[in-house]
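Participant: Need a 3D model of the sequence below.
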Amino acid sequence: MKRDLRSHLSLRFLTIYRKMVAGNGLLYPILGFASCVAFVYMSFGDLKLSSFPKEPRLSFVERNGTQFFLDGKPLYVNGWNSYWLMAHSVNENSRPRVSAMLQAGAKMGLTVCRTWAFNDGGYDALQISPGQFDEGVFQALDYVIAEARQHGIRLLLSLVNNLQAYGGKTQYVKWAWQEGVGLSSSNDSFFFDPSIRKYFKNYVLTVLTRKNTITGIEYRNDPTIFAWELMNEPRCMSDPSGDTFQDWLEEMTAFTKSIDKNHLLTIGLEGFYGPKSPKKSIVNPEEWASILGSDFVRNSNITNVDFTSVHIYPDHWFHDLGFEEKRNYVSKWVRSHIEDCDKELKKPVMFTEYGLSNQNNDFQPSQREQFYRTILDIIYKSAKKKGSGAGALVWQFFVEGMEEYNDDFGLVPWESPSIYKLKVEQSCRLARIQGLIQEKGNLKKLCSKRE
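Facilitator: Model prediction:
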């Protein structure tokens, strides 16, 4: 009916226009032109609207006590790591992998992806040297954020690496040494050298105030970003007391919050307990874990830290335990950190990396499902009780043809049906707690198959 009316009106406008142009008065051509504009709009207006998808409306994720909140409702996270998104967005030919991964995550009901927002020095570096950035690589990060927004995925963006991959703190120390301002060649001078602290602050400022060339939104104003992570797996082993690292954290968390008060902030810790913690000997994997210069409770208790972060890698921490022993330990590890956050820290805890290596001597593919389920079940039970267990991000997901980016933990989710099913199951049961099944069409369709 609507189309028939439009066709009728279009014909009327054409007839009126022809009559007006036939006259000699100035008024008629003007009215004729206006009629043509109306004709074009009515004939093709819908075409323009349908060519550009509407921007999804997003709110910032907030924190109230031990829970995340979104639009006034508790939020529990089921997500994954794909550290490589920016690297694969630099080249137009590899961008489809990024889109495919984000689309796949959305189809599984996943809500948060953790990825690197750094590449310091080296190949396709974002930061070429202190304060010098590659605009092409920055536009690659712009693309990652814009594409995540289109798929309804939020990003946990990490700002620097403790490890040497993608530059890390080692690269910052090299820059200071090369410029003749470094106090020490030790990698840990990243935490105490004033010049390096200045380098990192400038980096944080540049990234947070970056205006996305695709969306036109400054990063600090974009709710697509779930939160900022200061550093991936920070350690300051030159000072086992933890004082050096604590001082760095106090300064950097305050500085980050002074620039961006919209987003949540976390540290990026592995979760080990320090030398003064009563849990160092009963929960830490071994003695070495208490002398890395970090302490889960002390570090996470900083006012400007919104939520805590923990990693789970029993394969790296133990070399003489069988699978069941590792799984039992992981259960204790996860429960311990939820207890800390429920009772002492009063903040959410995110298990931002968890994985099981396929290089173990006794490895069986079915073990991954059992291992993942152990973690996800504990989080679900915490969520049901409105506890601090706020979510977990598996390490790590890829798409086909990316073997060179893989490690002994990675997998293509749709090539592992049991893992795919498990992740979808977790998405659905967390969504039910949040009351989202009926609100979101994709979840309603996804989760109705599992009623």
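Participant: How much space separates residue 419 from residue 371?
Facilitator: Relative to residue 371, residue 419 is positioned 10 Å away (CB to CB, to the nearest Å). In this view, the C-beta of every residue, glycine as well, is placed from N, C-alpha and C.
Participant: Next, count neighbours for residue 118.
Facilitator: 22 (other CB atoms under 10 Å).
Participant: ok, the closest residue to it other than its chain neighbours - contacts?
Facilitator: Once flanking residues are discounted, residue 118 sits nearest to residue 160: 5.3 Å by CB to CB, 6 or more residues apart in numbering. By CB atoms under 8 Å, 6 or more residues apart in numbering, residue 160 lies in contact with 118, 120, 167, 168, 169, 172, 200, 203, 230, 231, 232.
Participant: Bridged to the second one, which residues?
Facilitator: With beta bridges defined as DSSP bridges, residue 120 has these partners: residue 127.
Participant: what about the residue nearest to residue 300 when sequence neighbours are not counted, neighbour count?
Facilitator: Excluding its sequence neighbours, the residue lying closest to residue 300 (CB to CB, 6+ apart) is residue 308, at 4.2 Å. Residues near residue 308, counting by other CB under 10 Å, number 27.
Participant: right, and residue 308 touches residue 345 too?
Facilitator: Yes. The pair residue 308 / residue 345 is scored as a contact, 6.4 Å apart, by CB atoms under 8 Å.
Participant: Mind listing the shared neighbours of these two?
Facilitator: residue 300.
Participant: which intervals of the chain have sub-threshold pLDDT?
Facilitator: 1-56, 437-441, 449-451 (pLDDT under 70).
Participant: all helices for it, in order.
Facilitator: Applying DSSP state H to the chain gives helices spanning 2-22, 27-51, 95-107, 135-150, 168-178, 189-192, 194-208, 243-259, 296-300, 314-317, 323-340, 365-384, 417-434, 441-448.
Participant: Determine the angle, from 0 to 180 degrees, between the fourth one and helix 194-208.
Facilitator: Here helix 135-150 runs at 50 degrees with respect to helix 194-208, directions being taken by axes from the mean of the first three to the mean of the last three CA atoms, to 10 degrees.
Participant: So which bits of helix 135-150 are buried?
Facilitator: Judged by neighbour count using 16 or more other CB atoms under 10 Å, the buried positions of helix 135-150 are 137-138, 140-150.
Participant: do the fifth one as well
Facilitator: Residues of helix 168-178 classed as buried under the neighbour-count rule (16+ other CB under 10 Å) are 168, 169, 170, 171, 172, 173, 174, 175, 176, 177.
Participant: what about residue 200, neighbour count?
Facilitator: 23.
Participant: give the contact list for it.
Facilitator: Taking CB under 8 Å, 6+ apart as the test, what residue 200 contacts is 160, 172, 190, 252.
Participant: same thing with residue 395?
Facilitator: Residue 395 neighbours (CB under 8 Å, 6+ apart): 80, 81, 353, 354, 355, 409, 410.
Participant: which two from those end up farthest apart in space?
Facilitator: Spanning the widest gap among these are 354 and 410, at 12.7 Å by CB to CB.
Participant: isn't residue 86 right next to residue 134, touching?
Facilitator: No. Contact criterion CB under 8 Å: residue 86 and residue 134 do not qualify, at 11.2 Å.
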